[in-house]
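Novice: compute the structure for the input listed below.
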Amino acid sequence: MLKLFKNLEKKDWLFIFISCIFIVLQVWLELKIPDYMSKITELVQLNGTIKEILTEGAYMLACAFLSLASSVVVGYIIANLASNFSKNLREKLFNKVQSFGMEEIKKFQTSSLITRTTNDIGNVEMMLTFGLQMIIKAPITAIWAVGKILGKSFEWTAITGGAVLVLLIMVITLMTIVLPRFKIVQKLIDNINGLTRENLKGIRVVRAFNAEGYQEEKFEKVNKKLTNTQLFNQKIMSLMSPMMYLIMNGVSLGIYFMGAFLIRDALLADKITLFSNMVVFSSYAMQVIMSFLMLAMIFIMYPRASISADRINEVLNTKAKIKSGKETRASEVGTIEFKNVSFKYPDAEEYLLKDISFKANKGETVAFIGSTGSGKSTLINLIPRFYDVTDGEILVDGINVKDYKEEFLHNKIAYVPQKAVMFDGTVSSNVSYGDNGKEISDKKIKEAIKVAQAEEFVLKMDDKYNT
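Specialist: Residues are numbered from 1 along each chain as shown. Take a look at the predicted model:
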């Protein structure tokens, strides 16, 4: 998780520092409130004037209002910080995937890369939004509150310490049970995305073979497994809330129960002071418990966010095996030559292509004929370096493709894939797709559509070229 924070910018660290200042202010104001409560209690018991009581009450309300204002400022700053962080992270992840070759894409799988760019980044953003406030506020509140109550009463301190210990044992036990299942959840989300994507891509085949029931059964199996895993996690985590309230109310009850005995046995002169201390101690004890509850909330969010962060880092730290060269010139024009080229896929034991040699000169038409799976498409995919050859070399215009700058190499080659892909946009934007972002004239777009025998089809649509 911490490795992911290296993607924070300098201004983000500045915002975190400003947030820390406001959080410290917020904690100080919150911990001042019990002091005013104590004074009000003493004034009521000692027949203080209404003016004195109202003055202390006004100070207490001012502290509460300023604490609320500080909380709003911190929430606003961190919400913006988390949103910008996730935006930048999505952009880095998208750009990183753009640099991958087919080997890396297959390693992660498309559905998993989609999950990592959406769901996983969402988990990290949530942790940053809520967890950052809690992880700063909780220890400051706990230390400050403990300092305030230290030495007040051994009995009350023992009750508070015992409650904290029970809370920590409960959180650690729940995390031990739930943590392994968070990893399973993210993999199951990958599977759900994969099945959904597969079904949408092959919807025509599914309907042609009346395979809706089969697809539904496959989806139901994975969906049910994800649901059951999530339900188990939620049921376990739902134990936190009643346990927390039980501990909080138990601490208050314990302090007042013990206080009743202490006040009963105290001297008359000490009873008022002891009662006042009990009210203050109870308030500070709640602050201590609340700070540990905040830490418990972090323990709830952190495991899932940590797993998501690891999955994101796995992509960001993966180095593309295909490295761009530097060459931007060619010694020949219009030639492609294979010299003793052999190739096998990274996870394969046997070669798909073995010792292929030929040269295609300018103006020639070369065809590759063979059965399905014989390596025709693979051979073509080696030219633009979708994969790199295992042995031998490929020369385009007399230069090894590995020596070319990738952008320059791709600009030299016109490549028509076996399967057409329509990108989101208009007819015109799809026809003019690519070309390094250069603007293509309407005349050239219309000419291309006419050459492709698509003019009659396009002109029948409502918005024609802008459909």
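Novice: use CA for all of it now, contacts and neighbours both
Specialist: Fine.
Novice: run through the protein and note the low-pLDDT ranges.
Specialist: For the chain, the stretches with pLDDT under 70 are 1-2, 45-46, 149-153, 268-270, 272, 434-437.
Novice: what's near enough to touch K39?
Specialist: With contact set as C-alpha atoms under 8 Å, 6 or more residues apart in numbering, K39 has these partners: E56, S276.
Novice: in the host helix or strand of it, which residues are buried?
Specialist: Assigning secondary structure by DSSP states H and E places K39 in helix 10-45. Within helix 10-45, the residues that qualify as buried are 12, 15-16, 19-20, 22-43, counting by 16 or more other C-alpha atoms under 10 Å.
Novice: downstream of that helix, the next helix or strand is which one?
Specialist: Assigned by DSSP H and E, the successor of helix 10-45 is helix 50-99.
Novice: what angle do helix 10-45 and that next one make with each other?
Specialist: Following axes from the mean of the first three to the mean of the last three C-alpha atoms, to 10 degrees, one obtains 160 degrees for the angle between helix 50-99 and helix 10-45.
Novice: I'd like the next helix or strand past helix 50-99.
Specialist: Next along from helix 50-99, by DSSP H and E: helix 102-108.
Novice: what does that following helix rub up against?
Specialist: Contacts of helix 102-108 (C-alpha under 8 Å, 6+ apart): V97, A320, P346, F386, Y387.
Novice: and the two most separated of the residues you listed?
Specialist: V97 and P346 (18.5 Å; C-alpha to C-alpha).
Novice: okay, the two: which has more neighbours?
Specialist: Applying other C-alpha atoms under 10 Å to V97 and P346 shows that V97 carries more neighbours, namely 17 against 10.
Novice: which element is the residue positioned nearest the centre of the chain on?
Specialist: In the chain, the C-alpha nearest the mean C-alpha coordinate belongs to I121, at 1.6 Å (C-alpha atoms, centre = their mean). Here I121, judged by DSSP H and E, is contained in helix 121-126.
Novice: likewise V178?
Specialist: Counting by DSSP H and E, V178 is found in helix 154-201.
Novice: cool, G392 as well?
Specialist: Judged by DSSP H and E, G392 forms part of strand 391-396.
Novice: note down every partner strand of that strand and its orientation.
Specialist: Here strand 391-396 is paired, per DSSP bridges, with strand 336-343 (antiparallel), strand 399-400 (antiparallel).
Novice: buried ones in the first one?
Specialist: Meaning strand 336-343. I336, E337, F338, V341, S342, F343.
Novice: closest one to A62 out of these, please.
Specialist: So of the buried residues of strand 336-343, ranked by how close each gets to A62 (C-alpha to C-alpha), first place is F343, at 74.9 Å.
Novice: distance of the closest one from A360?
Specialist: 19 Å (C-alpha to C-alpha, to the nearest Å).
Novice: same check on Y245?
Specialist: From Y245 to A360 the distance is 78 Å (C-alpha to C-alpha).
Novice: kindly report the same for M244.
Specialist: In terms of C-alpha to C-alpha, M244 sits 75 Å off from A360.
Novice: neighbour count for the two, which is higher?
Specialist: M244 (20 against 14).
Novice: quick one: the helix or strand encompassing that one to chain centroid distance?
Specialist: Per DSSP H and E: M244 is located in helix 240-265. A distance of 40 Å separates the centroid of the chain from that of helix 240-265, by C-alpha atoms, centre = their mean, to the nearest Å.
Novice: and what of stretch 182-190?
Specialist: 13 Å.
Novice: repeat that for stretch 177-184.
Specialist: 17 Å.
Novice: how about that stretch: buried residues?
Specialist: Applying 16+ other C-alpha under 10 Å to stretch 177-184 flags V178, L179, R181, F182, K183 as buried.
Novice: not counting residues beside it along the chain, what's closest to the third one?
Specialist: Yep, that's R181 we're talking about. T229 (6.9 Å; C-alpha to C-alpha, 6 or more residues apart in numbering).
Novice: list the buried residues of the helix or strand that contains the one you found.
Specialist: Counting by DSSP H and E, the element that carries T229 is helix 212-238. Buried positions in helix 212-238, judged by neighbour count with 16+ other C-alpha under 10 Å: Q215, F219, V222, N223, L226, T229, Q230, N233, M237.
Novice: now for that helix, which elements pack on it?
Specialist: helix 154-201 (3 or more C-alpha pairs under 8 Å, 6 or more residues apart in numbering; DSSP states H and E).
Novice: what's the first helix or strand after the helix it packs on?
Specialist: helix 203-208.
Novice: against which helices or strands is that next one packed?
Specialist: Against helix 203-208 (3+ C-alpha pairs under 8 Å, 6+ apart) you get no helix or strand.
Novice: what does it rub up against?
Specialist: With C-alpha under 8 Å, 6+ apart as the criterion, helix 203-208 contacts N199, E212, Q215.
Novice: send over it as PDB, restricted to the C-alpha atoms.
Specialist: Extracted C-alpha coordinates of helix 203-208, given in PDB (Å, rounded to 0.1, in the frame of the first residue of the first chain):
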ATOM      1  CA  ILE A 203     -23.900 -12.900 -28.000                       C
ATOM      2  CA  ARG A 204     -24.600 -13.900 -31.600                       C
ATOM      3  CA  VAL A 205     -23.000 -17.300 -31.200                       C
ATOM      4  CA  VAL A 206     -24.800 -17.800 -27.900                       C
ATOM      5  CA  ARG A 207     -28.200 -17.200 -29.500                       C
ATOM      6  CA  ALA A 208     -27.400 -19.100 -32.700                       C
END
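Novice: now do it: distance to the chain's middle.
Specialist: The answer for helix 203-208 is 34 Å, by C-alpha atoms, centre = their mean.
Novice: stretch 101-120 too?
Specialist: 14 Å.
Novice: what residues sit buried inside that stretch?
Specialist: In stretch 101-120, counting by 16+ other C-alpha under 10 Å, buried: 101-105, 111-117, 120.
Novice: endpoints of it, how far apart?
Specialist: OK, stretch 101-120 end separation, C-alpha to C-alpha: 22 Å.
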